[in-house]
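J.: Based on what follows, work out the 3D shape:
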Amino acid sequence: MANIDVPVKRLMQSSMGDWVKFLVPGCKEDWIKEMDASKVPAKKESRLDKLILVDSPDEKFILNIEPQGYLDYKMPVRMLRYRADIWEYTVEIGLGMPSVKQAVIYFYKEHDNREYLLSDKWDGIETLKYSFKAIRIWEIESNIIIRNKLEGLYPLIPLMNSGDETEEEIIEKTIDVIKNVETETFKADLLAVMTILAGEKFTKELIKKYIRREMLMSSPIYNEWVEEERKETAYKTSLKVTKSKILGALEIKFDFIPRSIKVNIEQIHDIDILDGLFKRSIKASSIEEFEESLEKVKRLN
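T.: Modelled structure (predicted):
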């Protein structure tokens, strides 16, 4: 599956108002103020995606949006930690503990672990009951997005519930609504993200039938995604080559390599660790000595 993380986050950045209105119907642009998630909590590295302060006449709250592009069984724990991080930050800067509304956006069914609740008890007394809102894009009616002109979500239309429409009709409808967007660069970005997202649901032939590469070249999001994909491919190639070098060196020196070593090396995805193991594969005087080094690496990681 393609890495949708970069394009989706860039799309959200350029059309935050539409995403907030989607989650909070009736919300107005002047009620929205994006917070710097990198500073939450203070003095710690943050992995939060989007934090928005919504100051409406009825309620002031923080909206935490997490687009989820892969399967993660730890998602409820992550979201609980994010909520704690947010409150640690707001308390520290003197804002107390405002309401925090959290939404995880799932784009594909295979990424949804369907676990949205954490609870705990002590002596029969409930000490924790926590949940977040799960947005399953495939359950959303696509016409809602079109009717409300939420342009920032147009690329998601192919992933949404479109009733009895055929695949071709869905792609045609999506392209038609995107063509009505006025800003050319934003239009190209929308087409680019739609291509990336729809590429996981529809055939490449169908996508190419309606979207040519030159239609995407002016999209900053598309160009950034291509560069990220190129880097990721190069990194994966480096991992594969280094693993092969390690096993090759061991085979030349010791003839036989235990299956456990092959399995453990295959499970390592850090190029620096693999480079270190390659050097040890050359210096090791016995297969047992290398295996010992490999076990140390496993314990440290």
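J.: The residue nearest to residue 77 when sequence neighbours are not counted: what secondary structure?
T.: Nearest non-adjacent residue to residue 77, counting by Cβ to Cβ, 6 or more residues apart in numbering: residue 118, 7.1 Å away. Quick note: C-beta positions are derived from backbone N, CA and C, even for glycine. Following DSSP: H, G, I helix; E, B strand; the rest coil, the label given to residue 118 is strand.
J.: residues in contact with residue 118?
T.: Residue 118 sits next to 76, 77, 80, 128, 129, 130, 131 when contact means Cβ atoms under 8 Å, 6 or more residues apart in numbering.
J.: I figured the first one hits residue 128, correct?
T.: No: Residue 76 is not in contact with residue 128 according to Cβ atoms under 8 Å; the separation is 11.0 Å.
J.: Show me which of those two is the more surrounded one.
T.: Neighbour count, other Cβ atoms under 10 Å: between residue 76 and residue 128, residue 76 has more, with 19 against 10.
J.: Could you check how far that one is from residue 68?
T.: 12 Å (Cβ to Cβ, to the nearest Å).
J.: circling back to that earlier point, what's the closest of the contacts of residue 118 to residue 210?
T.: residue 76 (38.4 Å; Cβ to Cβ).
J.: how about the nearest residue to the closest one, chain neighbours excluded?
T.: Nearest one to residue 76, counting by Cβ to Cβ, 6+ apart, is residue 118 at 5.0 Å.
J.: is that neighbour in a bridge, and if so with what?
T.: Bridge pairing for residue 118 (DSSP bridges) gives the partners residue 130.
J.: For it, give me the pLDDT.
T.: Among the per-residue scores, residue 118 shows a pLDDT of 96.
J.: And the strands in the stretch 1-150 of the chain?
T.: 32-35, 50-55, 60-68, 99-106, 117-122, 125-131, 133-136 (DSSP state E, counting those that start in this stretch).
J.: Please render the ones you listed as JSON lines that adds distance to residue 25 to the earlier fields.
T.: Shown next, in JSON lines, are the strands of the stretch 1-150 of the chain (distance: least, Cβ to Cβ, whole Å):
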{"stretch": "strand 32-35", "distance to residue 25": "13"}
{"stretch": "strand 50-55", "distance to residue 25": "12"}
{"stretch": "strand 60-68", "distance to residue 25": "13"}
{"stretch": "strand 99-106", "distance to residue 25": "13"}
{"stretch": "strand 117-122", "distance to residue 25": "24"}
{"stretch": "strand 125-131", "distance to residue 25": "20"}
{"stretch": "strand 133-136", "distance to residue 25": "13"}
